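1. For reference, the sequence and a predicted model appear below.
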Amino acid sequence: MYNTEETSMGARLPHTELSDSQMGVQAHAGIRFELPEPPRISPEQLERLKTESVNNPNALIDLLKEYADKEHQYQEKAIALMEKQVNAISEQADSAKRQAEALSQQVNVQEDQLAFAKSEAASAKKDALFAKVTSIITLIISVLMPLISG
């Protein structure tokens, strides 16, 4: 009933036996809705209708009824195919949203870690300054002690 094929753009929706050609709608770059070709009245059917309509006045009505049935089936299949693809795209969008949220949480954690690292660096800078001042005072005292006591 359906023939499915893979393309470089992703999964391709199946097309029906109503026609050998395919029709697609480009919704966004990288997303293509593949639809079956709608039913058409062939030139042969029109020629047959011309000859039959002379003897059968209902030939046109019969052809239009047949076409309406095929059109209805086409529309049902197209809607089902589009619903399938919309559901798949929605799932992909939900997955991408979850990934974006997880990445956002990671960024928040890394921002917190950066703030903590900056705080630690500022504290280490103050400790180093205190150690430097303490060592200078100790050096001055060690030089002055022999002079004072001697």
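-> Alright, I've got the coordinates. Residues are numbered from 1 along each chain as shown.

2. hey, let's count contacts and neighbours off CA atoms from now on
-> Noted.

3. Quick check: which ranges of this protein have low pLDDT?
-> Within the chain, the ranges that satisfy pLDDT under 70 run 1-33, 150.

4. Quick one: the helices in it, in order.
-> Secondary structure of the chain (DSSP state H): helices located at 43-55, 59-149.

5. For the ones you listed, could you give me CSV that also reports mean neighbour count and distance to residue 37?
-> Shown next, in CSV, are the helices of the chain (neighbours: other CA atoms under 10 Å; distance: least, CA to CA, whole Å):
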stretch, mean neighbour count, distance to residue 37
helix 43-55, 12, 17
helix 59-149, 13, 8
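
6. Looking at those helices, which is nearest to residue 35?
-> Distance to residue 35, taken as CA to CA, is lowest for helix 59-149 among the helices of the chain, at 6.0 Å.

7. How far does the closest one sit from its chain's centre?
-> Remark: helix 59-149 is offset 17 Å from the chain centroid, using CA atoms, centre = their mean, to the nearest Å.

8. what helices or strands is that helix leaning on?
-> For helix 59-149, the packing partners by 3 or more CA pairs under 8 Å, 6 or more residues apart in numbering; DSSP states H and E come out as strand 31-36, helix 43-55.

9. Of all the ones you listed, which one comes closest to residue 125?
-> strand 31-36 (54.7 Å).

10. need the helices and strands packed on helix 59-149 in a markdown table with distance to residue 74, can you?
-> What follows is the helices and strands packed on helix 59-149, written out as a markdown table (distance: least, CA to CA, whole Å):
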| stretch | distance to residue 74 |
| --- | --- |
| strand 31-36 | 8 |
| helix 43-55 | 19 |
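
11. which stretch among those comes nearest residue 149?
-> Short answer: strand 31-36, nearest of these by CA to CA, at 90.4 Å.

12. circling back to that earlier point, I'd like to know which of the helices and strands packed on helix 59-149 is closest to residue 108.
-> Across the helices and strands packed on helix 59-149, residue 108 has its closest neighbour in strand 31-36 (32.1 Å, CA to CA).
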